[in-house]
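Visitor: heads up, no residue letters with this:
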Ligand code: KIV
Ligand code: ZN
C-alpha cells in the first residue's frame, strides 16, 4: 500500500510580485488573459494584485475575482485599515477571496523603513489581521523580511496573528538572503514554537537574489510548508521569485526526494510561459530551466545522436510533459551527421551515404562561420552541393513531396545505390579520456556513431 503524498498548494504571484519586476507591468485585459491561463494551469491561488496601489490594479483584481471562479483569488494589503478595506472591496465578489496582509518584522525594516518599535509592530500585525478576518474568512499574514528577523520575535508575531485569526502564515525570504538548510530550520522552529500552528498552513515565499529561491522553497516544503508562492518564468522583484515551473517539475521528476502532489497541469506550463513573455515583451532567458528555448534543445553531436536513439539519454522529462511540442535538434558546428541526416529528411531530402558525407563536410564549414544553421541555409547548401553541372547523375533526390510527408501521406522511398566502402577520417585509437574506441565495423550504424563521435563533440 502506498502512503498518500501530501498536497502542496501552489500560490501564483505572477500578477502581483511578478508584475512588480521592471518591464513586466500588465494592463487589466492582459492580467485577465493570464489569470485564465493560470486557471487552466491549475494553480490553487492567484494573487491578482495590490488593490490600493492604483485604480488600475484595483480594477484588475476586481475583474479577475468576478470571472475566475475556481482558484482562490488573493489581494495584497499593508497592515492598515485603508489597504485592507480596498483589498476587500476588490475581492468581495470572488468565489473564494483571500486578503493577504503583510508587515515587516526585521529590525532593519522596523528601524529604517517603518520607524516603529517591535511592540508597535506586534500590535499592528495583530490588529490588522483581526480587522481583515472581520471581513474575510481566509486571511494570510506575511512577516516581511522574515529571514532577517530575530526568530524569537518572529514567533511572537506569528503567535499573535494566529490568535487574531490568520489562516495562512507565509514566511518570506524578501531579499533572497537565506539558504536551504537555514530556511528549513526556520520553518521547523515555527512549527515547534507557534501556538495553534497545526490549524494554519505554512507557506514559503522565496526571492532569487542568490539563485536559491527554488532550492529554498523546496527545503521549506520538506520541513513542513504546505504552500509555495512562486511565479511563471520566475519573474519578480530584482532577481525574481521562485519559479513555478521549476518547483513543480522538481516534484514531478524527483518524487523519490520530493514526495508531494500539486494540482498543476504541467502540460500548460509552456503556454503560460509563452503568454507571459508575449504580454510583457520580456523574453525568457534561453537556458532557463523548463521554459527556456534551449531547455530541450540539443546541439552537441553525441547528445543529438543519443536523443535520437532514446530521449532518456539526455532528457529527464519529456518536452510534451511541460507542453513543449518536441525537443529540438539545433544544427550547429557541434552537430553530428545523424541529426543532419534527419533534418534533411524532414526537409524532404534523403541521401545516400556518400552524398550525406559531402553535405556534412560543407555543413560543418558553414556552421563554423554562422553558428546556427537554419533550414533555409541547409536547403541552399544542399542545392549548392549538387548543382547539375557538377554531377552527371543527381545524387540527391527530393522525396516527391515534403508537403505530403508533413501531412502524413506516405511517399515512395528512394532506393539508395550500393555504398562504396569508405574509410574513416583519421581514427584515433583512444577517445579524449584515453579509453579505447569501439572497433569500427562494416555496419552503417556503428560507422555513423563513430563519425559522430569524431566530428560532433
Ligand atoms: O517578498 C516579500 O516579502 C513579499 C511580501 C509582500 C509577501 O512579496
Ligand atoms: Zn516578494
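Guide: Here it is on my side, so go on. All values reported here derive from a predicted model rather than from experimental measurement. Residues are numbered from 1 along each chain as shown. Ligands and ions are numbered 1, 2, ... in the order given.
Visitor: Distance check, residue 277 against residue 14.
Guide: 12 Å (C-beta to C-beta, to the nearest Å). The way it works is simple: take the backbone N, C-alpha and C, and place the C-beta from them, glycine included.
Visitor: Of these two, give the one with the bigger neighbour count.
Guide: More neighbours surround residue 14 than the other of residue 277 and residue 14, with 31 against 16 (other C-beta atoms under 10 Å).
Visitor: Tell me the spatial nearest neighbour of that one, not counting adjacent residues.
Guide: Nearest non-adjacent residue to residue 14, counting by C-beta to C-beta, 6 or more residues apart in numbering: residue 231, 4.3 Å away.
Visitor: which ones are touching the residue in the stretch 351-457 of the chain positioned nearest to ligand 1?
Guide: Minimum separation of the stretch 351-457 of the chain from ligand 1 (C-beta to the nearest ligand atom) falls at residue 372, amounting to 38.6 Å. The contact partners of residue 372, by C-beta atoms under 8 Å, 6 or more residues apart in numbering, come to 330, 331, 332.
Visitor: Which member of these is positioned nearest ligand 1?
Guide: Lowest distance from ligand 1 to the contacts of residue 372 (C-beta to the nearest ligand atom) belongs to residue 330, with 36.8 Å.
Visitor: That closest one: neighbouring residues, count only.
Guide: Neighbours around residue 330, by other C-beta under 10 Å: 20.
Visitor: would CSV of the contacts of residue 372 with pLDDT be doable?
Guide: Below are the contacts of residue 372 laid out as CSV (pLDDT from 0 to 100):
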residue, pLDDT
330, 83
331, 89
332, 88
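Visitor: and these as TSV, adding secondary structure?
Guide: Listed next are those as TSV, based on DSSP: H, G, I helix; E, B strand; the rest coil:
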residue	secondary structure
330	coil
331	coil
332	coil
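Visitor: any idea which of those is the one closest to residue 95?
Guide: residue 330 (45.0 Å; C-beta to C-beta).
Visitor: Wait, the closest one touches residue 298, no?
Guide: Yes: Residue 330 is in contact with residue 298 according to C-beta atoms under 8 Å; the separation is 6.9 Å.
Visitor: what's the overlap in contacts for these two?
Guide: By C-beta under 8 Å, 6+ apart, no residue touches both residue 330 and residue 298.
Visitor: Residue numbers of the chain in contact with ligand 1?
Guide: Applying C-beta under 6 Å from any ligand atom, we find that the chain lies next to ligand 1 at 17, 102, 142, 144, 170, 172, 174, 205, 207.
Visitor: tally of neighbours for the first one?
Guide: Read it as residue 17. Neighbour count for residue 17, taken as other C-beta under 10 Å: 24.
Visitor: Phi and psi next, for it.
Guide: phi -60, psi -40 (degrees, to the nearest 10).
Visitor: So for it, what's the pLDDT?
Guide: As predicted, residue 17 sits at a pLDDT of 97.
Visitor: The spatially closest residue to it that is not a sequence neighbour and residue 288, how far apart?
Guide: Once flanking residues are discounted, residue 17 sits nearest to residue 236: 4.6 Å by C-beta to C-beta, 6+ apart. The gap separating residue 236 from residue 288 is 14 Å, by C-beta to C-beta.
Visitor: Give me the more crowded residue out of those two.
Guide: Taking residue 236 and residue 288 together and counting by other C-beta under 10 Å, residue 236 has the greater number of neighbours (28 against 18).
Visitor: Could you say which helix or strand holds that one?
Guide: Using DSSP states H and E, residue 236 sits in no helix or strand.
Visitor: Touching, it and residue 13? I think so.
Guide: Yes: using C-beta under 8 Å, residue 236 is in contact with residue 13, at 7.3 Å.
Visitor: still on that earlier bit, how about the residues of the chain next to ligand 1, which pair is most distant?
Guide: Of all pairs in the residues of the chain next to ligand 1, the most separated under C-beta to C-beta is 102 and 207 at 13.9 Å.
Visitor: got any residues that touch both of those two?
Guide: In contact with both residue 102 and residue 207: residue 172, using C-beta under 8 Å, 6+ apart.
Visitor: any idea how far ligand 1 is from the spatially most central residue of the chain?
Guide: Computing the C-alpha centroid of the chain and ranking residues by C-alpha atoms, centre = their mean puts residue 245 first, at 3.6 Å. Using C-beta to the nearest ligand atom, to the nearest Å, residue 245 is found at 19 Å from ligand 1.
Visitor: That residue - that's part of a helix, no?
Guide: Yes: judged by three-state DSSP, residue 245 forms part of a helix.
Visitor: How about it: what's its closest non-neighbour residue?
Guide: residue 290 (4.2 Å).
Visitor: Report the secondary structure state of that neighbour.
Guide: Strictly by three-state DSSP, residue 290 counts as coil.
Visitor: what's the burial count for it?
Guide: Neighbour tally, residue 290, other C-beta under 10 Å: 27.
Visitor: where does the residue nearest to residue 17 land on pLDDT?
Guide: The model's pLDDT for residue 236 equals 96.
Visitor: Against residue 382, how distant is it?
Guide: From residue 236 to residue 382 the distance is 46 Å (C-beta to C-beta).
Visitor: Check residue 216 too.
Guide: Noted for residue 216: a distance of 51 Å to residue 382, by C-beta to C-beta.
Visitor: quick one, which of those two is more surrounded?
Guide: Per other C-beta under 10 Å, whichever of residue 216 and residue 382 has more neighbours is residue 216, with 28 against 21.
Visitor: what about residue 175, is that helix, strand or coil?
Guide: coil.
Visitor: Now do the residue nearest to residue 103 when sequence neighbours are not counted, the pLDDT please.
Guide: Of all residues not flanking residue 103 in the chain, residue 79 sits nearest, at 3.8 Å (C-beta to C-beta, 6+ apart). Per-residue pLDDT puts residue 79 at 98.
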